[in-house]
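Q: Mind looking at a prediction? Sequence and model below.
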Amino acid sequence: MNQPLYAIPGALPAAAPAVSTPPAATAARTVNEVLAQTQVLAVVEELERDLVGLAPVKQRIRDIAALLVIDRLRGNLGLPTQGGPSLHMCFTGNPGTGKTTVAMRMAQILHRLGYSRKGHLVAVTRDDLVGQYIGHTAPKTKEVLKKAMGGVLFIDEAYYLYRPENERDYGQEAIEILLQVMENQRDDLVVILAGYKDRMDTFFKSNPGMSSRIAHHIDFPDYAQAELLQIGERMLGGMNYRFGVGTREVFERYLARRLEQPHFANARSVRNALDRARLRQASRLFADGDRVLTPDDLTTLAPQDLLASRVFGASDAA
Ligand SMILES: Nc1ncnc2c1ncn2[C@@H]1O[C@H](COP(=O)(O)OP(=O)(O)O)[C@@H](O)[C@H]1O
Ligand SMILES: [Mg+2]
């Protein structure tokens, strides 16, 4: 909750401009022609390469990409399309399983295939949509929708929009406006709802109108320990750090323990653990003010940078 509203520019330089359906004479007739024109494969392959695990999610994304390519070929032949496929989605899973990350990739895929004009993603939670006082909700929701138009609106923990315990909760007003736009402007806005599976199921039971407008439900499984280790190594590499001698083994032990503890948040906990290890590495180097530091010193996490964690019973924070 309460994460600020942010917009992620999705337009990639190499992307074909949105809605760039070529004139009929050159219109693609084969899947490969569409792929060549849109370079959508590059985004799909990047997603496959950059993200560890998530096999079922990747398969669903490939299926949706295939659906869009075929829809485009149907359009090129002038077959009726009923305003294009319905693309609203729901991503369910525990925190840190990659929902926001995949939503950003989805925005790029939609852009490359011309289903989104801008390819950006606007991520919001209840507080960005719902006002505190009467009359505040509609303008807030409409402002967010305006920002998201031509791209993807990502609503994290969407079930907080619905508060049955409050008799007249303003969340209901936001839901009604969203439903209208999801129906009437679905060619210009894709909505992705995200959150815990059980809460989302409850939300849909109470909001059948929302449920019926979501075409794609995608479940994000928790990562296995080996996947978390691999994610950690990728993150480290991305930050230009590496494990020193013996550190990888300590990190494995760290993960085994952390997994058993409360509030474990999958890849997000991995990132947090590495961030804290970097802090400890910095303090360790800082303490030795006269030493000439080599690139190796500066990029290497030592076992003690992890062993000082509370996960190992040390007094240091988490
Ligand atoms: N499969 C994965 N491979 C590599 N990094 C991942 C993977 N899943 C998540 N991450 C990273 O973990 C962090 C949390 O992911 P995020 O998409 O915010 O999860 P969620 O939205 O489900 O809470 C991000 O830094 C993301 O880049
Ligand atoms: Mg998220």
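A: Sure thing, it's come through. Ligands and ions are numbered 1, 2, ... in the order given.

Q: Would you point out which residue is most central in the chain?
A: T100 (1.6 Å; CA atoms, centre = their mean).

Q: that's a helix at that one, yeah?
A: Yes. Assessed with DSSP: H, G, I helix; E, B strand; the rest coil, T100 lies in a helix.

Q: same for the helix or strand harbouring R271, what does it pack against?
A: Assigned by DSSP states H and E, R271 falls within helix 266-286. Counting contacts by 3 or more CB pairs under 8 Å, 6 or more residues apart in numbering; DSSP states H and E, helix 266-286 is packed against helix 225-238, helix 247-260, strand 300-301, helix 303-307. Where C-beta positions appear, they are placed from N, C-alpha and C, glycine not excepted.

Q: So which bits of the last one are buried?
A: Applying a neighbour-count criterion of 16 or more other CB atoms under 10 Å, the buried positions in helix 303-307 are 303-307.

Q: what's in contact with stretch 292-310?
A: Around stretch 292-310, the neighbours that count as contacts under CB atoms under 8 Å, 6 or more residues apart in numbering are 236, 240-247, 249-251, 254, 273-274, 276-278, 280-281, 284-285, 291, 312, 314, 316-318.

Q: again, 10 Å this time
A: 236, 239-251, 253-254, 257-258, 261, 273-274, 276-285, 288, 291, 312-318 (CB atoms under 10 Å, 6 or more residues apart in numbering).

Q: Low-confidence bits of this structure, can you list those?
A: 1-25, 82-83, 314-318 (pLDDT under 70).

Q: The helix or strand C90 falls within: partners in the sheet, and parallel or antiparallel?
A: Assessed by DSSP H and E, C90 sits inside strand 89-93. Partner strands for strand 89-93, per DSSP bridges, with pairing direction: strand 190-195 (parallel), strand 216-220 (parallel).

Q: Grab the CA positions of that strand and hand them over as PDB.
A: Taking Å, rounded to 0.1, in the frame of the first residue of the first chain, the C-alpha atoms of strand 89-93 are listed here in PDB:
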ATOM      1  CA  MET A  89      -5.500  -9.100 -16.600                       C
ATOM      2  CA  CYS A  90      -5.200 -10.200 -13.000                       C
ATOM      3  CA  PHE A  91      -1.800 -11.100 -11.600                       C
ATOM      4  CA  THR A  92      -2.000 -13.100  -8.300                       C
ATOM      5  CA  GLY A  93       0.800 -14.200  -6.000                       C
END
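
Q: mind listing the helices for the chain?
A: 31-38, 40-50, 55-76, 99-112, 126-129, 137-148, 171-184, 197-206, 208-213, 225-238, 247-260, 266-286, 295-299, 303-307 (DSSP state H).

Q: one step back: residue contacts, the residue nearest to the centre of the chain?
A: Shown in contact with T100 (CB under 10 Å, 6+ apart): 3, 8, 91, 121, 123, 154, 156, 192, 194, 268.

Q: Can I have the buried ones of those as a ChimeraX selection?
A: Those of the contacts of T100 that count as buried under 16+ other CB under 10 Å are selected in ChimeraX with:
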select :8,91,121,123,154,156,192,194
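
Q: Let me know the closest of the contacts of T100 to I231.
A: Closest to I231 out of those is R268 (10.1 Å), distances taken as CB to CB.

Q: Who are the contact partners of that closest one?
A: So R268 contacts 94-98, 100 (CB under 10 Å, 6+ apart).

Q: Repeat the analysis, applying 6 Å as the threshold.
A: For R268, the contacting residues are 95-96, by CB atoms under 6 Å, 6 or more residues apart in numbering.

Q: Quick check: it vs ligand 1, distance?
A: From R268 across to ligand 1, the span is 4 Å (CB to the nearest ligand atom, to the nearest Å).

Q: Same question for Y133.
A: In terms of CB to the nearest ligand atom, Y133 sits 30 Å off from ligand 1.

Q: What degree of burial does that residue show, as a neighbour count?
A: When counting by other CB atoms under 10 Å, one arrives at 7 neighbours for Y133.

Q: Let's have the strands paired with strand 89-93 in CSV, adding distance to P139.
A: Formatted as CSV, the strands paired with strand 89-93 follow (distance: least, CB to CB, whole Å):
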stretch, distance to P139
strand 190-195, 19
strand 216-220, 30
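
Q: Please give the number of neighbouring residues around the residue of the stretch 201-318 of the chain found nearest ligand 1.
A: Using CB to the nearest ligand atom, the point where the stretch 201-318 of the chain gets nearest to ligand 1 is A267, with a distance of 3.1 Å. Applying other CB under 10 Å, we find 23 residues neighbouring A267.
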